[in-house]
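> Give the three-dimensional model of this entry:
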Amino acid sequence: MGGPDREFSGEYEHALDAKGRVSMPARFRDVLRKAGEEEVAVVRFYFGKVHCVTVFRVDAWEEALERLVERPDLTREERAALEHAVRHQAKFIPVDEQGRIVLPPEAREYAGLRKEVMIVGDGRKFHIVDRETYRAASQSLRAVLEANPELVRAIYR
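Next comes the predicted model:
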């Protein structure tokens, strides 16, 4: 783990504007500033079983690509599928002076993003998910934890 000043964490409610821009939480802007990053890698991805837009710090994106290339267990077909899924559709997006990023139209469409979104920290990346979709997925996950309280107890010993 990179520590609290190098990682994205928490969940935040935000809105997309008419130009497809979203303002990052102030804490996320601080993480990027401390890492000396002025742009982010934006990819269409999934959060659990939900389509979303995933935003990586550029250094984290480069490390993820290295791990992909170094995997000896992949067949040629699997590697091609993974590269198509991540490398080929990544966009490098500058962060403007107000801490906003413009989400590409194809990424917004893929994730089903409407005006209201959730920004969810996930270590060296964060996910942007349609707010109602995120709430429904969160309820499903909470049900799993409620049915298996030993999972939570193991964390809070």
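
> What ranges does the protein have for its strands?
11-15, 21-23, 39-47, 50-57, 91-94, 100-102, 116-121, 125-130 (DSSP state E).

> So for residue 140, which of the ones you listed sits nearest?
strand 50-57 (9.8 Å; CB to CB). Every C-beta, even on glycine, is put in place using the N, C-alpha and C of the backbone.

> what's the angle from the closest one to strand 125-130?
Relative orientation of strand 50-57 versus strand 125-130 (axes from the mean of the first three to the mean of the last three CA atoms, to 10 degrees): 140 degrees.

> what packs against strand 50-57?
With contacts taken as 3 or more CB pairs under 8 Å, 6 or more residues apart in numbering; DSSP states H and E, strand 50-57 sits against strand 39-47, helix 105-111, strand 125-130, helix 131-147.

> and these, which one's lowest on average pLDDT?
Least confident of the helices and strands packed on strand 50-57, judged by mean pLDDT, is helix 131-147 with a mean of 84.

> Sort out which residues of that helix are buried, please.
131, 133, 134, 137, 138 (16 or more other CB atoms under 10 Å).

> Disregarding residues adjacent in the polypeptide, which is nearest to residue 134?
Among residues not flanking residue 134 along the chain, residue 118 sits closest, at 4.2 Å (CB to CB, 6 or more residues apart in numbering).

> Residue 10 - nearest residue in space that isn't next to it in sequence?
Nearest in space to residue 10, with sequence neighbours left out and distances taken as CB to CB, 6+ apart, is residue 121 at 5.1 Å.

> before we move on, what about residue 119?
residue 12 (4.6 Å).

> Low-confidence ranges, this protein, go.
Along the chain, the parts satisfying pLDDT under 70 run over 1-5, 157.

> now residue 39, which residues is it bridged with?
Taking DSSP bridges as the rule, residue 39 bridges to residue 94.
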